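*Asks:* Have a look at this fold, sequence not included:
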Ligand SMILES: [Zn+2]
C-alpha cells in the first residue's frame, strides 16, 4: 500500500474511533443523570408532604368537632338530670348550649372542607406515584437501549483498534510521529483528501505543482494553507 494511502486509511479509522469515543462519552453522561426521574421523584415527595399536612389538618378538625359534641352532651346531661334548678343558671347553660351548637356546625363544615382537601391531596399523591412509575419504566427502557448501543460501539471500537494497530505496525516510525503531531494540532484531522483541486479540510485551492506532487502517494505533500497531509488517491 502506498504511504499516503496508508495514512489516509489510518485517518479514516481514527475519525471513526473519535466519533465512537464521543458517542460513548455522551452515553455515559446520559446514563449518569436521570433528570426526568429526579423531577418525578421530587414531585411525589411534595405530593406526599401535602397529603400528610392535610391529613393532620383533617384530624385536628375532627378533634374539634368531637370536643364540641362532648361539651354539648355534658350540658344536655346536666339540664336533663334536673340537678340545675336555678332558672338563671338554666338560662346560662341554654345560652352556652346554643353557642356550642353554632360552633359545632362551623367545626363540622370545616372538617368536611378538610376532608375534601385531604381527598384531593391523596388523589394527587396517587397520580404522582403513577407518574414516577411510568417515568422510571421509560427510563429503564431508554437505559437498555443506551447500554446496547454502548456495547455495540465498544465491540466496533475493538475491531477498529485492531485494524489500526496493524496499519501502524507497517508505517515508518517518523511518518507516524508526523501524523500523530498533526492530529493533535489540527482537531484530529491530519490527512485531507483533495477534492476539486482543493484541500477538503480548509478549502484552499492547490497549485498545479502541488497537485502533481500530491499525485505521488509515496511522498508526503502538505497543504500550503492548513499544513495537513494531502491525499489525492
Ligand atoms: Zn488545507
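*Replies:* All right, it came through fine. In this text the structure is predicted, and so the values were computed from the model without any measurement.

*Asks:* And the pLDDT at the residue positioned nearest the centre of the chain?
*Replies:* Here the mean C-alpha position of the chain is nearest to the C-alpha of residue 35 (Cα atoms, centre = their mean), at a distance of 2.7 Å. Residue 35 is assigned a predicted lDDT (pLDDT) of 94.

*Asks:* Going forward, the N-terminal residue is numbered 5.
*Replies:* In the new count, where the first residue is 5, that last one comes out as residue 39.

*Asks:* Quick check: residues of this protein near the ion?
*Replies:* When proximity is defined by Cβ under 5 Å from the ion, the chain lies next to the ion at 203, 205, 206, 208, 227, 229, 230. C-betas here are computed from N, CA, C, even on glycine.

*Asks:* quick one, what contacts the second one?
*Replies:* Put plainly, it is residue 205. For residue 205, the contacting residues are 190, 193, 196, 227, 230, 232, taking Cβ atoms under 8 Å, 6 or more residues apart in numbering as the criterion.

*Asks:* same deal with the first one?
*Replies:* Counting by Cβ under 8 Å, 6+ apart, residue 203 touches 196, 210, 227, 229, 230, 232, 234.

*Asks:* pLDDT score for it?
*Replies:* The predicted local confidence for residue 203 comes out at a pLDDT of 97.

*Asks:* Same check on the fifth one?
*Replies:* The predicted local confidence for residue 227 comes out at a pLDDT of 97.

*Asks:* can you tell me which of the residues of the chain next to the ion are in strands?
*Replies:* residue 203 (DSSP state E).

*Asks:* Adding distance to residue 30, write the residues of the chain next to the ion out as TSV.
*Replies:* What follows is these, written out as TSV (distance: Cβ to Cβ, whole Å):
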residue	distance to residue 30
203	30
205	25
206	28
208	33
227	31
229	32
230	28
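
*Asks:* Tell me the confidence at residue 211?
*Replies:* At residue 211 the predicted local distance difference test score is 96.

*Asks:* ugh, typo on my part, it should be residue 89
*Replies:* Residue 89 carries a pLDDT score of 85 in this model.

*Asks:* do residue 172 as well
*Replies:* Listed pLDDT for residue 172 reads 97.

*Asks:* ok, it touching residue 181?
*Replies:* No. Here residue 172 lies out of contact with residue 181, judged by Cβ atoms under 8 Å, at a distance of 11.0 Å.

*Asks:* how about the helices in this protein?
*Replies:* With DSSP state H applied, the chain shows helices at 7-36, 39-85, 91-173, 177-189, 212-218, listed in chain order.

*Asks:* Just give me the longest strand of the protein.
*Replies:* strand 195-199.
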